[in-house]
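*Asks:* Task: produce atomic coordinates for the following.
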Amino acid sequence: MKTLKYIFSTLLIIALVWSCEEDKFGETDFVNSITLPTNIAAGVNVVPDNSGLTYITPTGEGAVTYVVDFGDGSEPSELLAPGEYAEHVYVEGTYEATITATNLNGKSATGKQTVVVSFRAPENIAITTEIDGANPFLLNVSATADFASSFLVYFDTSNPDEVGTPLEIGGTVSNVYAGVGDYTIKVVALSGGAETSELEQMVTISAPVVFPIDFEVFDASVFIGFGGASAAIIDNPDTDGNASAKVGEIVKGGPEVWAGNVITMSSPIDFGLKKAMKMNVWSPRPGGKLILKIENLADASINIEKEVTLNGNSSWEEVVFDLSDIDETQSYQKLVFFFDFGVVGTGGADWTFYVDNINQTIISSGATGLPGQWVMAPEGGSLGVGPTSGSIEWWNCDADCVPIRACYYDDIYVFGADGSFQNVLGADTWTEGWQGGGDSCGTPIAPHDGSNPATYTYDEGAGTVTLNGLGSFIGIPKAVNGAELTSPTGAPASVTYNIEFLDDDTISVSIDSGGAFWNYKLIRAGAVTTPLTGTWQIASEGGALGVGPTVGDVSWWDCNAACVTSRACYYDDLYVFGTDGSFQNVLGTESWIEGWQGGGDSCGTPVAPHDGSIPATYSYDSGAGTFTLNGKGSYIGLPKAVNGAELTDPNAAPDAIVYNV
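*Replies:* Presented below is the predicted three-dimensional model:
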């Protein structure tokens, strides 16, 4: 473009000279008499967006071209014709631009023009914060603002020495906080010049303390030493036998013999199924003692404590604390550790201990074989699918998935000693779209709801177990032999699984659903803790159900042999006393419904709350010869018979009933 302008100027001069020569060829004195350009100036337009973009339009008299020197040390503009403008980006400041104007005879004159570039303060600041999904201590920050050129982010305004972290437009910056708490962040919006604006915003950093405790991402503020014991999170000093990157370090010093440490959980510990604690311990001396005390959050007198003897020898070992006698009516939220209780520690290497991988577990029941109650191991990877048996590389329910599907991980697979099998799913389980569910927790869907009678056959030599009964399943119901179901109506009458005992209380189960192997890890659902534990039915014989004036007397009325047949929908009802203290009425699709329930004294759909839909528990008192069902609508025998009364309205069902046994 610059070249074209020069050519244009030259042609213009030649044309003018040629026209003069037509009047008087060879006379050029008039060109030499052209005066220098005068009144040289410029129009200045600074775009008001803090970009520094400025338009400069030269003006003057007698000029045919202009060049603008912007006054900031940059290259001058190209050659400009009258009416054209130069574009230039300035930083904020005041500049003296020089305009060189040239006339027809090539003679030039200059003029000055002051250019003032002033940026406005940024407006409408907005801060976006996001806690990282994998690390609750990691905060990501981005920001927007009108008229901002960039930002500075301060992650903790209480730190006067913090240097702001630069943040570009459209970018994100991150910070890892040392601990939990409320932090005030500040974002300063820069205009590109002297003007700035700022905005503060509070963020809450929290890291729930839940099992397993592996110290990799951990709220150190809940790990406290007392009585002379220290508590710290450090890099693992001994990865032989424990590959963790971080561990908890405890150094026991004086002056107290009871010096110890405490970890406070974020919520009360659920001892319903897992009534034991396990952990990795590194001890410098053989034969030392470790006491684990489980305490109530507010009242330390509510507790249970257990002691183990350590192998020591400066190496990692796993220890297990049996808490099967814990009082489940109480709440527990603190883990308290005492190394060598009763001895004053002196600190140093001989009194330095490490702990790691603290978790709940299930005490071995001592039972062998398949009969019993089993649940999916509530741990990442216990449910998954892959191209081969044992592989979960295509998908698995990881540690984040397990709590989302808690309604699934409490499902019970009951293998009876008599060869019976039942899926006990409770009020809800994980239901998928192919079933008509929402890929979420929901009411179990027939026939995969445990409502149909089923049996099992275990072939130890072949390593298989076959479930016989429409809708019976292990793991997930859609995976059957050679296929994956797309409709509940496609459920087969039997399914065969591969099965392997990993130990007495752990089994690995897999099934080939047609090139996709679904793999499950199940654990035995705890030890039998009371004589009631198990699945019960009313005996299918005349006189098993009746009423009279005294205990054991059915002289007023009883269900005789003919009655048993007519009430078959009632005699297949199940009363499930869980090893975890849970109780459930499993009635199937129908039971005997009486007039006071709105029924017709005939078989019909179970009526709430006496339909097993409300979670319940039981407690057994062997000394008193009683057990108590806790849960509205739970019952044994007939729902209308409660302590001291007979119901006339389902809504009047009590929250608890005590039975003699």
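
*Asks:* isn't V247 right next to N236, touching?
*Replies:* Yes - counting by Cβ atoms under 8 Å, V247 touches N236, with 4.8 Å between them. For glycine as for every other residue, the C-beta is placed from the backbone atoms N, C-alpha and C.

*Asks:* mind listing the helices in the stretch 401-550 of the chain by residue range?
*Replies:* Shown for the stretch 401-550 of the chain, the helices assigned by DSSP state H, counting those that start in this stretch span residues 401-404, 406-409.

*Asks:* so which of those is the most packed in?
*Replies:* For the helices of the stretch 401-550 of the chain, the largest average neighbour count (mean count of other Cβ atoms under 10 Å) is found in helix 406-409, namely a mean of 18.

*Asks:* what is the mean pLDDT for that helix?
*Replies:* Mean pLDDT, computed over helix 406-409, is 92.

*Asks:* Would you mind listing where the stretch 201-350 of the chain has pLDDT under the threshold?
*Replies:* Low-confidence segments of the stretch 201-350 of the chain, defined by pLDDT under 70, are located at 273.

*Asks:* Same question for the stretch 401-550 of the chain.
*Replies:* Applying pLDDT under 70 to the stretch 401-550 of the chain picks out residues 526-530.

*Asks:* how about the strands in it?
*Replies:* Along the stretch 401-550 of the chain, counting by DSSP state E, counting those that start in this stretch, strands occupy 412-415, 420-424, 429-431, 440-442, 454-459, 464-468, 479-480, 483-484, 494-503, 506-512, 517-524, 534-536, 546-547.

*Asks:* re the thing from before, mind putting the helices of the stretch 401-550 of the chain into a markdown table with distance to G416?
*Replies:* As requested, the helices of the stretch 401-550 of the chain are exported to a markdown table (distance: least, Cβ to Cβ, whole Å):
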| stretch | distance to G416 |
| --- | --- |
| helix 401-404 | 28 |
| helix 406-409 | 22 |
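
*Asks:* closest to S613 out of the ones you listed?
*Replies:* When the helices of the stretch 401-550 of the chain are compared for distance to S613 using Cβ to Cβ, the nearest one is helix 406-409, at 13.0 Å.

*Asks:* Check what contacts the closest one and list those residues.
*Replies:* Contact with helix 406-409 is made by V375, M376, P378, V402, G426, D428, T429, W430, C441, as judged by Cβ atoms under 8 Å, 6 or more residues apart in numbering.

*Asks:* pretty sure the first one belongs to a strand, no?
*Replies:* Yes - under the criterion used here (DSSP: H, G, I helix; E, B strand; the rest coil), V375 sits inside a strand.

*Asks:* Could you give the bridge partners of it?
*Replies:* For V375, the beta-bridge assignment (DSSP bridges) gives partners I523.

*Asks:* hang on, isn't it packed against Y413?
*Replies:* Yes - with contact defined as Cβ under 8 Å, V375 counts as touching Y413 (7.2 Å).

*Asks:* which residue sits closest to N296 in space, ignoring its chain neighbours?
*Replies:* I302 (3.7 Å; Cβ to Cβ, 6 or more residues apart in numbering).

*Asks:* sorry, that was for G193
*Replies:* The shortest distance from G193 to any non-neighbouring residue, by Cβ to Cβ, 6+ apart, is to E92 (2.9 Å).

*Asks:* was I right about the one you found contacting S118?
*Replies:* Yes - using Cβ under 8 Å, E92 is in contact with S118, at 6.3 Å.

*Asks:* Quick check: neighbours shared by these two?
*Replies:* Common neighbours of E92 and S118 (Cβ under 8 Å, 6+ apart) are G193.

*Asks:* D340: neighbour count?
*Replies:* A total of 20 residues lie near D340 under the criterion other Cβ atoms under 10 Å.

*Asks:* got a list of what the closest residue to T172 other than its chain neighbours touches?
*Replies:* With Cβ to Cβ, 6+ apart as the criterion, T172 has its nearest non-adjacent residue at 4.7 Å, and that residue is S142. Contact analysis of S142 by Cβ under 8 Å, 6+ apart lists I127, T128, L167, G170, G171, T172, V173.

*Asks:* So for V247 and N236, which residue has more residues nearby?
*Replies:* Neighbour totals were compared for V247 and N236, and V247 leads with 26 against 18 (other Cβ under 10 Å).

*Asks:* Can you tell me the element that one falls in?
*Replies:* strand 246-252 (DSSP states H and E).

*Asks:* So for that strand, what gets flagged as buried?
*Replies:* Residues V247, G248, E249, I250, V251, K252 are the ones in strand 246-252 that count as buried (16 or more other Cβ atoms under 10 Å).

*Asks:* Make JSON lines out of those and add distance to E216.
*Replies:* Below are these laid out as JSON lines (distance: Cβ to Cβ, whole Å):
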{"residue": "V247", "distance to E216": "10"}
{"residue": "G248", "distance to E216": "11"}
{"residue": "E249", "distance to E216": "14"}
{"residue": "I250", "distance to E216": "18"}
{"residue": "V251", "distance to E216": "21"}
{"residue": "K252", "distance to E216": "24"}
